[in-house]
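In: this one's sequence-less:
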């Protein structure tokens, strides 16, 4: 299976809940979105780099929920991959009613020790792909006067508390971008939400090579719970969703604590707490 080659959905009599496209759909929060939206009766378009893993995920969801699942292998950090998914989002013959921009990466190295190629890849996936895909899907949604976009951001984006990390900077952009765009499309019946979880049990940290063994168990969230709260906040018309009370308190502190104090905390805790939040 070649990159960015769409695979037609199987002939399944799915309930008509509309079509949702999910990036980074084979693991973590993306997979949790796929499970929940399939159970809700939506047809799915799943995007990830690993075609074999996509096919396995699609087969499992089809068998469990009798929903139609289309797979689109694509590397969203590449121009070809991003363009292929954007083309699918602009397809008016089979419109996407919900876009979940979940794909993202972090780097287990501070900026001064990082290769510029790796930093560019992070920006292309965490920022550029979110912009491109949101821009591709919104005009059709606005024209139809319905639709929703969920951009998966992070609690890390609310403050520069991880010295040398550009992950938190990219997530700050995602949150600000989502809030801004949400206000512009709300009058047309379209919703945009920034979903900002804290530490969530996924493959995210392992893939980045980040050691999270010293993170207290009570800080971890379940991906299914993150998705459920995000969808509830979307229904309520909120622009930003921060799942779980402890992270709501953390965001309040990040927003209102004097920057000098935050910088001191960051210096004291960067080695103890690990590098990035998922």
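Out: Thanks, I have it. Since the model is a prediction, treat every value here as computed from it, not as a measurement. Numbers count the residues shown, from 1 in each chain.

In: Surely residue 90 touches residue 140?
Out: Yes: using Cβ atoms under 8 Å, residue 90 is in contact with residue 140, at 6.7 Å. For glycine as for every other residue, the C-beta is placed from the backbone atoms N, C-alpha and C.

In: what's the model's confidence in the lengthiest helix in the chain, averaged?
Out: Assignment by DSSP state H gives helix 167-185 as the longest helix of the chain. In this model, helix 167-185 has an average pLDDT of 97.

In: Next: stretch 22-36.
Out: 96.

In: Return the distance of the longest helix of the chain from the chain's centre.
Out: 12 Å (Cα atoms, centre = their mean, to the nearest Å).

In: May I ask you to confirm that residue 240 is in contact with residue 197?
Out: No: counting by Cβ under 8 Å, residue 240 sits too far from residue 197 to count as a contact (11.6 Å).

In: what residues are up against residue 198?
Out: Applying Cβ atoms under 8 Å, 6 or more residues apart in numbering to residue 198 gives the contacts 154, 155, 219, 221, 242, 243, 244, 246, 247, 250, 277, 278.

In: Please tabulate these in a markdown table and include pLDDT as additional columns.
Out: Output for the contacts of residue 198, formatted as a markdown table (pLDDT from 0 to 100):
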| residue | pLDDT |
| --- | --- |
| 154 | 95 |
| 155 | 94 |
| 219 | 75 |
| 221 | 92 |
| 242 | 97 |
| 243 | 95 |
| 244 | 89 |
| 246 | 92 |
| 247 | 91 |
| 250 | 86 |
| 277 | 36 |
| 278 | 37 |
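
In: closest to residue 136 among these?
Out: Within the contacts of residue 198, the smallest distance to residue 136 is 23.0 Å, found for residue 154 (Cβ to Cβ).

In: remind me which residues of this protein are low pLDDT?
Out: Scanning the chain for pLDDT under 70 picks out the ranges 1-16, 161-162, 201-216, 218, 256-278.

In: Tell me which stretches of it form helices.
Out: Counting by DSSP H, the helices of the chain are 28-39, 51-65, 79-89, 116-123, 129-144, 167-185, 204-208, 223-235, 245-256, 259-273.

In: buried ones in the fifth one?
Out: Using 16 or more other Cβ atoms under 10 Å as the test for burial, helix 129-144 gives 129, 130, 131, 132, 133, 134, 136, 137, 138, 140, 141, 142.

In: Show me which pair in the residues you listed is furthest apart.
Out: For the buried residues of helix 129-144, the farthest-apart pair by Cβ to Cβ is 129 and 142; their separation is 20.6 Å.

In: rewinding a little: nearest to residue 97, of the helices of the chain?
Out: That would be helix 129-144 among the helices of the chain, by Cβ to Cβ, at 7.6 Å.

In: by contact count, what packs against that closest one?
Out: On a contact count with 3 or more Cβ pairs under 8 Å, 6 or more residues apart in numbering; DSSP states H and E, helix 129-144 meets strand 19-23, helix 79-89, strand 96-101, strand 147-152, helix 167-185, strand 190-195.
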